[in-house]
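J.: For reference, the sequence and a predicted model appear below.
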Amino acid sequence: MEKFNKYNFRCTLTFGDIYAQIVIWLIVIMISLASAMALMGTTRPAYALAAVGVILVLSLPFLLFAFVTTLLNHIELIPVQETATATAGETMPTGKPAQATS
């Protein structure tokens, strides 16, 4: 069987990467609430609730898609070199539990 390589998993996602997406979605929510308030004054307030529901239901998949693709673009798998694993293995603890000294 072939030897499997070891990889370091690193996520470089920061709040600044998704900040614009959050701001845009908040703007969409505010516009939908403003349209609901405008429709609430008419004779059919059920349209106001339906408008907010439709806007939120239609915008949520786009928001989730944007978040997931941004997250996946910031995931790095870096192969670990053999020399690094050999030296790291020597300095790693043996897995024995710590014992108190008296």
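T.: Sure thing, it's come through.

J.: in the protein, what secondary structure element scores lowest on mean pLDDT?
T.: Lowest on mean pLDDT, DSSP states H and E among the helices and strands of the chain sits helix 82-91, with a mean of 54.

J.: State the phi and psi torsions of the residue lying closest to Tyr7 once chain neighbours are set aside.
T.: Distances taken as Cβ to Cβ, 6 or more residues apart in numbering place Leu77 nearest to Tyr7, at 4.6 Å, with adjacent residues excluded. Every C-beta, even on glycine, is put in place using the N, C-alpha and C of the backbone. Phi and psi for Leu77, reported as degrees, to the nearest 10, are phi -110, psi 110.

J.: who does the top helix by length along the chain touch, helix- and strand-wise?
T.: Once the chain is assigned using DSSP state H, the helix that runs over the most residues is helix 46-73. Secondary-structure packing of helix 46-73 (3 or more Cβ pairs under 8 Å, 6 or more residues apart in numbering; DSSP states H and E): helix 15-40.

J.: name the helices or strands packed onto the helix it packs on?
T.: Contacts defined by 3+ Cβ pairs under 8 Å, 6+ apart place helix 15-40 against helix 46-73.

J.: got the buried residues for the helix it packs on?
T.: Ala48, Ala51, Val52, Ile55, Leu63, Ala66, Phe67 (16 or more other Cβ atoms under 10 Å).

J.: from the chain's centre, how far out does that helix sit?
T.: Its chain's C-alpha centre and that of helix 46-73 lie 15 Å apart, by Cα atoms, centre = their mean, to the nearest Å.

J.: Stretch 40-54 too?
T.: Remark: stretch 40-54 is offset 32 Å from the chain centroid, using Cα atoms, centre = their mean.

J.: and what of stretch 37-54?
T.: On the basis of Cα atoms, centre = their mean, the separation between the geometric centre of stretch 37-54 and that of its chain is 32 Å.

J.: Can you measure across it, start residue to end residue?
T.: Counting by Cα to Cα, to the nearest Å, you get 15 Å between the two ends of stretch 37-54.

J.: Show residues contacting it.
T.: Residues from elsewhere that reach stretch 37-54, judged by Cβ atoms under 8 Å, 6 or more residues apart in numbering: Ser32, Leu33, Ser35, Ala36.
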